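Participant: next input, structure requested:
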Amino acid sequence: MAWLLVVVAGLLETGFAVCLKLSHGFTRLWPTIAFCVFALGSFGLLTLSLKKLDVGPAYAVWTGLGAAGTAVYGMVFLGDVVSTLKIVSITLVIAGAIGLQFSGSAH
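Facilitator: Residues are numbered from 1 along each chain as shown. I've put the predicted structure just below:
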């Protein structure tokens with residue numbers, strides 16, 4: 001269950017990163033509100049998961065999913081440049097996060 005919380009928190013991290021861009025420096029109300037909701041949800045779920053998981057692997061999965069999700073979202077919906085190197089790098093980030101997940105142990 002704790003790893004599920006980390007995965008959902010990572011997806012919410014993608015949401016808050018995208019909303020941060022869409023807020024244009026917190027000058028647009030609704031993206032700013034969405035940023036706050038996603039950020040609080042993401043940090044809250046990560047905090048709950050850390051009661052059961054080692055911080056290193058959990059944090060790596062959280063940030064890895066958030067970074068990869070944000071990069072993919074940017075390429076698909078925001079017109080960010082798509083390149084082979086970006087796709088390979090995103091794959092490596094996800095592979096590294098999965099590797100750290102499997103190396104961690106729950107207490």
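Participant: tell me where the longest helix sits in this structure.
Facilitator: When the chain is parsed with DSSP state H, its longest helix is helix 55-77.
Participant: chain center to that helix, what's the gap?
Facilitator: Mean-position distance between helix 55-77 and its chain equals 4 Å (CA atoms, centre = their mean, to the nearest Å).
Participant: what's the first helix or strand after it?
Facilitator: Once the chain leaves helix 55-77, the next helix or strand it forms, by DSSP states H and E, is helix 84-103.
Participant: what's that next one packed up against?
Facilitator: In terms of contacts (3 or more CB pairs under 8 Å, 6 or more residues apart in numbering; DSSP states H and E), helix 84-103 is packed against helix 55-77. Where C-beta positions appear, they are placed from N, C-alpha and C, glycine not excepted.
Participant: which other residues reach the helix it packs on?
Facilitator: With CB atoms under 8 Å, 6 or more residues apart in numbering as the test, helix 55-77 has contacts from 2-3, 6-7, 9-11, 13-14, 17-18, 42, 46, 49-50, 80-82, 86, 90, 93-94, 96-98, 100-101, 103-104.
Participant: try it again with 7 Å
Facilitator: Residues from elsewhere that reach helix 55-77 (CB atoms under 7 Å, 6 or more residues apart in numbering): 6-7, 9-11, 13-14, 17-18, 46, 49-50, 80, 82, 86, 90, 93-94, 96-97, 100-101, 103-104.
Participant: return the members of the residues you listed classed as buried.
Facilitator: 6, 9-11, 13-14, 17-18, 46, 49-50, 90, 93-94, 97, 100-101, 104 (16 or more other CB atoms under 10 Å).
Participant: tilt between the longest helix of the chain and helix 84-103?
Facilitator: Relative orientation of helix 55-77 versus helix 84-103 (axes from the mean of the first three to the mean of the last three CA atoms, to 10 degrees): 150 degrees.
Participant: tell me how far the helix or strand of the chain with the lowest mean pLDDT lies from the chain's centre.
Facilitator: Across the helices and strands of the chain, mean confidence by mean pLDDT, DSSP states H and E is lowest for helix 84-103: a mean of 89. Helix 84-103 sits 13 Å away from the centroid of its parent chain (CA atoms, centre = their mean).
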